[in-house]
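> Got a predicted structure plus its sequence, pasted below:
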Amino acid sequence: MDKMNKIATFGAGCFWGVESAFRAVKGVVDAVVGYAGGTVPKPDYRAVCTGKTGHAEVVQVEYDPARVSYEQLLEVFWQIHDPSTLNRQGPDVGTQYRSIIFYSDDHERAAAEESKRRLEESGKLARPIVTQIVPATEFYRAEDHHQRYYERRGIAPSCAIHAR
C-alpha cells in the first residue's frame, strides 16, 4: 500500500458485488474481499457461510484520499445495497451478509454516523437503517478464487441489491 493511500472496510451483503462496485470508483486503488467482525481467527469461506464465526463478508478498499474522499465511499456504500434489511441482501440470508461499516478513527466514525443520519432523515428508505458502525477489527483476506470474482469470469455483477 502506498503511504498516502488509506483503507476503508465495508460489508454490504455478497462481497463479490460490493468489490465490483468499489473497483469502479475513481480513486479506488484496490478492493479485496474478505472477512471481518467475528471471533474465529483465519476463517475460510465455508466456515463464514455457516454463520457461526461472527464474521461478515466484507471488502477492504484501498483508496487515494486525494482522488476520492471517505465520505464519497460512504455514498457508494449506501447506494449499492439495502441497509434496512437485517442480515440479508436479496436471496443471501445470514449474519455474514449484514450491513456494516468498520471505522479506523474518529473521523471515519463521525462521517459514517453522519451519512447514516442523513440517509435516515431523507425518507428514501421505507424501514430504519440497521447498518452497524463499529471499530475496525482484523481483516482476513478471502481465498484467491473469490478475488475479482465477476471480473475473472467476464460476467456482470449481480448480487448488489439497491435500496431505492
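Looks like it came in fine.
> shaky segments in this protein?
Flagging of the chain using pLDDT under 70 yields the residue ranges 149, 157-164.
> Start from the N-terminal end of it and give the strands.
6-12, 28-36, 56-63, 88-89, 92-93, 99-103, 132-135, 140-141 (DSSP state E).
> give the contact list for Ala136.
Under the criterion of CB atoms under 8 Å, 6 or more residues apart in numbering, the neighbours of Ala136 are 9, 36, 102-104. (Glycine included, C-beta is placed from N, CA and C.)
> Can you identify each of the helices in this structure by residue range?
For the chain, the helices defined by DSSP state H occupy 15-23, 45-49, 70-79, 106-122, 149-153.
> Summarise which helices and strands the last one is packed against.
Right, helix 149-153. Packing partners of helix 149-153 (3 or more CB pairs under 8 Å, 6 or more residues apart in numbering; DSSP states H and E): helix 15-23.
> Report the distance from the helix it packs on to the chain centre.
8 Å (CA atoms, centre = their mean, to the nearest Å).
> ok, now stretch 69-82?
Here stretch 69-82 is found 9 Å from its chain centre; the criterion is CA atoms, centre = their mean.
> What residues of that stretch count as buried?
70, 72-74, 76-78, 80-82 (16 or more other CB atoms under 10 Å).
> outside of that stretch, which residues touch it?
6, 8, 10, 12-13, 17-18, 21-22, 25, 27-28, 61, 63, 89, 99, 101, 107-108, 111-112, 115, 119, 125, 160-164.
> of the buried residues of stretch 69-82, closest to Asp144?
Ile80 (23.4 Å; CB to CB).
> ok, the closest one to Pro135 distance?
23 Å (CB to CB, to the nearest Å).
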